[in-house]
Each structure stands twice: as structure tokens, then as C-alpha cells.
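Novice: With the input below, show me the fold.
(one chain, ligands or ions: 2)
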Amino acid sequence: METATIVLFGATGDLAKRKIYPALYNLFVEQKLPQAFHIIGLGRRSLSDEAFQDSVAQSVARFSRREANDPELLNSFLSAFRYNVLDVGRKEDYAKLLQRIEQREQELAVQPNRMFYLSVAPEFFAAIAANIKESGLGSAAGWKRLLIEKPFGHNLQSARELNRQLSEAFSEDEIFRIDHYLGKPMVQKLGVLQQNNPVLDALWTSRYIANVQITANETVGVEERAAYYDRAGAVRDMFQNHMLQLLMMLAIHLPKNGTSEEVRLKKKRVMEALVPMSKHEVSGQVIRGQYAAGTVLGSSVPGYTSEPGIDALSVNDTFIAAKLQIDAPFWRGVPFYIRTGKRMKEKSTRIVVEFKAPLEQRAAAYEDNPAPNLLVFEMSPDEGITLQLNTRDPQREGEFKPIRLDFHSSREDLPEAYENLLHDAWLGNPTFFAHWDEVELSWQWVEPILQAFEENLVPLRLYPAGTYGPAESDALLAQDGYHWWFDAKDEPEAEEQGKPFAIQTNR
Ligand SMILES: NC(=O)C1=CN([C@@H]2O[C@H](COP(=O)(O)OP(=O)(O)OC[C@H]3O[C@@H](n4cnc5c(N)ncnc54)[C@H](OP(=O)(O)O)[C@@H]3O)[C@@H](O)[C@H]2O)C=CC1
Ligand SMILES: O=C1O[C@H](COP(=O)(O)O)[C@@H](O)[C@H](O)[C@H]1O
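Specialist: Ligands and ions are numbered 1, 2, ... in the order given. Got it, this is the predicted structure:
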């Protein structure tokens, strides 16, 4: 593995503390970082290297999935950290940074490879990229890469402008756009599962699949991010990026051992085939919701417009559900239903693939119809795969009984998304980063929704916190004869009532 300097803008920020340092620590423990790994953290506030190392140690102690119980190992990890004051708009700070980096590269006798990680507010992205170029930070003899956090633009126009600005300093293959959903272990396994299981590969078509449901429900509300979230809404915060990425990852068909270029090309094709809507069609296919006061996990919580920092008259969306169609041979006629919301009943990120019922005729010999076969990919909070099949119910003559084949992994054994992403970026593997084509096509597809919301062409449906969102989201599927599926573990009352499936309708 090649050595490189990580130059971390926003080293004192929330993301660095909660995600980046714990991820680096776990990679270090697993010896997935180069021997002479080193990092220079940047921010406006003045900090000594020692104080910076202390704060990194605290963040590891607080947020790492692995306990830092070996002091020698921890100290060896911390010794890689240095801190420099830098204000993104002050050019002389970049010149000083260049000196510091070159000095470290000489001390450690390492190659001048540099990975610039922008973990700062998005309004700084373009200026930093330009200053990296102008100061010569990015023109060393080694490689340079830019890791960039979301949000990538606020709409299609601003995303294009940002990309144009970044492209003046970095080429597309040097830009690694982070979408942390692409780092989730189960998301990374979707392609592997399909390619290495002929049984899945053969079924991955509209001939057998009735519909696909992609859900990312959260129990948290707006938290301390009112200023950002009230401008973004669920559509920008989750839908345009994470949810469409999940759709692409599920819908691609890949040859075995497909390269990252093939993965990205196939994802692009999925986005190109996504049937567009006009802003006037949005209300027929998209549900826009906002949480009202309610009870989440046993605690009363305020409605969105009573949250600190949120305008009492805000019509921002905290929930969105949509029906999408892919106009391509494998998927023509298969609806993809997507929903994501805050202050929902439970935290769960899952994809349910519902199969058609080709056995109907044979089942007619029995008194009831078998439940559809379901393939469920769980991404969060636990990771797992469930296949629901039907068998005869030995207790009830002539009836079917669904059984489940389950595989679940313990969360502690799984890498965090940021571990996977940082490791891939280090190896220069772009497979699980968003290519500009995907980002641009996603914004393009979402643009009519943004317009329809802005012009209030779609009614805002209030839903009580602690539920599955507005009833209209159920109606979206009901009109096609389907319903959302959920896991009975989230609905203990369903199990008490002796309902036989692990996966059932939620209403
Ligand atoms: N936090 C999260 O969970 C997530 C965050 N993100 C994205 O990650 C990025 C960082 O977010 P987050 O860590 O929450 O933000 P924070 O506000 O917590 O941190 C911002 C960082 O930027 C630094 N900073 C602010 N102004 C300047 C400046 N003028 N010059 C140099 N440094 C500056 C701050 O350091 P100092 O004050 O010392 O200057 C601080 O280190 C954002 O783009 C966000 O959208 C994405 C997904 C999740
Ligand atoms: O990017 C974001 O994701 C989180 C949800 O991520 P998860 O990994 O916990 O599912 C969301 O809370 C946040 O609003 C959004 O910006």
C-alpha cells in the first residue's frame, strides 16, 4: 500500500470526531493503513499537536466500535497526527501548509502522495480546491486525491457549478465524492451476492420481481442541524443521494468481477433509464410529509415546526416517498418504491425485493394463497439477508406457512462505512464513490420534485412522530395492489397477535 499524507480540512469538526478518527483507528488496528501513515489536521482554532492528538484520542474512546485498550497501539496511532492552523480563505496559510507537508514527507522519507479530505462546510469546497492548485500543494511528484463530503450542490445548477470549479484543480479520477451509504457493508455486498449466486442472478428481472421497496427510516429528528436541514429537506438530505444510490446499486446487472468503470457505467445507465416526471406529475408519484408532535421510542417529541431553529411556518419535508420506474429491459413494469423520513417508528434501512406469485394456479388447490417470496437486505441497524419462502402448515390443513432463511451479522464485527470508504480511497478504488455522471443525473431527475415542492404543487402531509409516515405513502403502493413490508421485530404487537410472518404490512 502506498504512503500518503492525509490533509484533513475540518479536523476539529463533528464529522472528523464522530466518524473519521474512529474509522482511521480501526483501519490502523487492522493494519489496513500504510506503515508510514500520517495526517495533518486543519482548522482556524489554534491547537498544539499534543492537544490535537488528545482530542483524537477522546474521539476514538467515545466513538470507535473497537475499544482502544492497548495504550502502546493507541500512542503509535496518535503519533501520526499533526495540526496546522489554516483559514480556508487565507492564501498564506496554504504556503505554510505546503512547507509543513514537505517537511513531514522528508522526515518520514515517504512519497509526496496527498489525499485532501474536505470535511468542512460545502461553501468552502471550491475555494479550497482552487487554493490547493494555486499554492502548489497538489503538484508534487506523487498522486493527489480529493475526498469530498456531501452535500454536492443544492440543486442541478449549483452541483454543475461546483463540479466545474473542482474540475479546474482535480480530474474526475482524482475526485472521490463520499456517499456514506455506498460504504455500508451490505450495500457493498449487493453486487457480490448477485454475481456469485446464479439463483439470484437469474431472478433479477421483471419476469420474477413484482416490486422493490427501499426504506431508510430514522427515529431522530432534525437534531442540531436546523440551519442546514430546513433548506435541504428529506429530498436533498437523503433522497437525491443515498436513496438513489441504493436504487442504482440494486438495479445494476454486472458481469462477474466487473471493474469500477463497469459498475459506474451501469449505474449511469440505470439513472438514464429512470422515467422522468414533469413538476405537474410529481403529486401523483411523490408523497411529501412533515412530522408533527408524537411519541418516539416511548418519549414525547415536538413537531418539526417546534424544533429549535425551525421557522414555525416551515413547509420543509422531513419525509418523502416516491414511486419510480426504470425503462430498461430488465426492469420495465417493476415499480421501485422509495421512502425516507425522520421521527419514524423505528430506525431501519432495508431493501425488500418482492417476487411475483407464479404459483398462483397451483396454489388454487389450497384454501389460501401463499405469501409472496421476499428477499430482504437489511443495512441498519443490523445487517442481514432474509429469504421468505412458503411451505405447508402442518398445524392447519390446506394452508401455507411462510418460513425464513436468515443470515445476520453482529454489528461489532462489521466495518463502519467510513472505514470502507477511507480504505478504498487510499487504494485509489473509486467503485463505491459517486461519479459526477451519477450525481448530475440524480439532480436532474430530482429537479422537478424540488420545483413542485417549492411551488407547493404537492400537498404537505403531516404525520405523527413515531409512525411510518403519512397514510398517503401507503396509498401509493395500495393503488398498485402492494403494501410496504416491515419486520415483525419492529411490531411486537403483530407477533403477539400470532401473525405468522416476520415481514408483514405495517398497517
Ligand atoms: N457531521 C456529520 O454527521 C456529517 C457531516 N457531513 C458533511 O461534512 C462536512 C463537515 O461537517 P461537520 O464536521 O459536521 O461540520 P462542523 O461545523 O462540526 O465542523 C466544521 C469544521 O470546519 C472548520 N472550519 C470552519 N470554518 C473554517 C474556515 N474558515 N477555515 C478553515 N476551517 C474552517 C472548523 O474548524 P474551526 O472552527 O477550528 O475553524 C471545523 O473543523 C460538511 O460538508 C457536512 O455537510 C456529511 C455527513 C454527515
Ligand atoms: O447523510 C445523512 O445520513 C444520516 C443517516 O445515516 P445512517 O447511516 O444513520 O442511516 C441522516 O441522519 C442525516 O440527516 C443525513 O445527512
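Novice: Please count neighbours and contacts with C-alpha atoms only from this point.
Specialist: Will do.
Novice: Quick check: pLDDT value at residue 506.
Specialist: pLDDT for residue 506: 39.
Novice: list the buried ones in stretch 254-262?
Specialist: Within stretch 254-262, the residues that count as buried by 16 or more other Cα atoms under 10 Å are 254, 262.
Novice: what's the answer for stretch 100-110, then?
Specialist: 100, 101, 102, 104, 105, 110.
Novice: next one: that stretch to chain centre, how far?
Specialist: The chain centre lies 35 Å from the centre of stretch 100-110; the measure is Cα atoms, centre = their mean, to the nearest Å.
Novice: So what touches it?
Specialist: 3, 4, 5, 36, 40, 111, 112 (Cα atoms under 8 Å, 6 or more residues apart in numbering).
Novice: same check, this time on stretch 269-278
Specialist: 248, 251-252, 324-328, 438, 441-442, 445, 448.
Novice: Is any residue of the helix or strand containing residue 147 near ligand 1?
Specialist: Per DSSP states H and E: residue 147 is located in strand 144-148. No. Against ligand 1, strand 144-148 shows no contacts by Cα under 6 Å from any ligand atom, the least distance being 7.8 Å.
Novice: Can you name every helix or strand that the very next helix or strand once past that strand contacts?
Specialist: Note on strand 144-148: by DSSP H and E, the next helix or strand toward the C-terminus is helix 156-167. In terms of contacts (3 or more Cα pairs under 8 Å, 6 or more residues apart in numbering; DSSP states H and E), helix 156-167 is packed against helix 125-135, helix 436-454.
Novice: Could you export the helix or strand that comes right after the last one as CSV, CA atoms only?
Specialist: To tie it back to what came earlier, the one meant is helix 436-454. Downstream of helix 436-454, the next assigned helix or strand under DSSP H and E is strand 460-464. Taking C-alpha atoms only, strand 460-464 is exported to CSV below (Å, rounded to 0.1, in the frame of the first residue of the first chain):
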residue,chain,number,x,y,z
LEU,A,460,-47.5,18.7,2.7
ARG,A,461,-48.9,15.7,4.8
LEU,A,462,-48.3,15.9,8.5
TYR,A,463,-47.6,12.6,10.3
PRO,A,464,-47.4,12.0,14.0
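Novice: Could I get the average pLDDT for stretch 380-389?
Specialist: 90.
Novice: now that stretch, how far from the chain's geometric center?
Specialist: Relative to its chain's centre, stretch 380-389 lies at 18 Å (Cα atoms, centre = their mean).
Novice: quick one, phi psi at the residue of the stretch 401-507 of the chain found nearest ligand 1?
Specialist: Using Cα to the nearest ligand atom, residue 418 is the residue of the stretch 401-507 of the chain that sits closest to ligand 1, at 10.6 Å. Here is the backbone geometry of residue 418 (degrees, to the nearest 10): phi -70, psi -30.
Novice: Report the spatially nearest residue to it, omitting neighbours in sequence.
Specialist: residue 23 (5.8 Å; Cα to Cα, 6 or more residues apart in numbering).
Novice: That neighbour falls within a helix, correct?
Specialist: Yes. Applying DSSP: H, G, I helix; E, B strand; the rest coil, one finds residue 23 inside a helix.
Novice: Wait, it touches residue 63, no?
Specialist: No. Proximity of residue 23 to residue 63 does not meet the contact threshold set by Cα atoms under 8 Å, at 9.2 Å.
Novice: Looking at those two now, which is surrounded by more residues?
Specialist: Ranked by neighbour count (other Cα atoms under 10 Å), residue 23 and residue 63 place residue 23 first, with 26 against 16.
Novice: that older thread, looking at the helices and strands packed on helix 156-167, which is buried most?
Specialist: helix 436-454 (a mean of 20; mean count of other Cα atoms under 10 Å).
Novice: I'd like to know how many residues surround residue 382.
Specialist: 17.
Novice: going forward, begin numbering at 37 instead of 1
Specialist: In the new count, where the first residue is 37, that last one comes out as residue 418.
Novice: OK, contacts around it?
Specialist: 444, 445, 446, 447.
Novice: Could you save those as CSV and add columns showing secondary structure?
Specialist: Putting the contacts of residue 418 into CSV (three-state DSSP) gives the following:
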residue, secondary structure
444, strand
445, strand
446, coil
447, helix
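Novice: Give the buried residues for stretch 172-180.
Specialist: Going by 16+ other Cα under 10 Å, stretch 172-180 has these buried residues: 173, 174, 175, 180.
Novice: so what's the third one scoring on pLDDT?
Specialist: Read that as residue 175. 79.
Novice: If you drop the residues flanking it in sequence, what lies closest to it?
Specialist: residue 169 is the one closest to residue 175 (Cα to Cα, 6+ apart), at 7.3 Å.
Novice: So that neighbour sits against residue 205, correct?
Specialist: Yes. At 5.5 Å, residue 169 counts as touching residue 205 under the criterion of Cα under 8 Å.
Novice: where does residue 388 land in three-state SS?
Specialist: Following three-state DSSP, residue 388 is assigned to strand.
Novice: Just list what whichever strand or helix holds residue 152 packs against, helices and strands only.
Specialist: Here residue 152 sits within strand 150-154, counting by DSSP H and E. Judged by 3+ Cα pairs under 8 Å, 6+ apart, the packing partners of strand 150-154 are strand 41-45, strand 180-184.
Novice: Any residue of it touching ligand 1?
Specialist: No. Figure legend: strand 150-154 not in contact with ligand 1 (Cα under 6 Å from any ligand atom); closest approach 7.1 Å.
Novice: Around ligand 1, which positions in the stretch 87-236 of the chain sit nearby?
Specialist: Going by Cα under 6 Å from any ligand atom, the residues of the stretch 87-236 of the chain near ligand 1 are 122, 123, 124, 155, 156, 157, 158, 185, 186, 187.
Novice: Can you report how many residues neighbour the nearest residue to the fifth one once chain neighbours are set aside?
Specialist: Of all residues not flanking residue 156 in the chain, residue 46 sits nearest, at 4.9 Å (Cα to Cα, 6+ apart). Using other Cα under 10 Å, residue 46 has 21 other residues around it.
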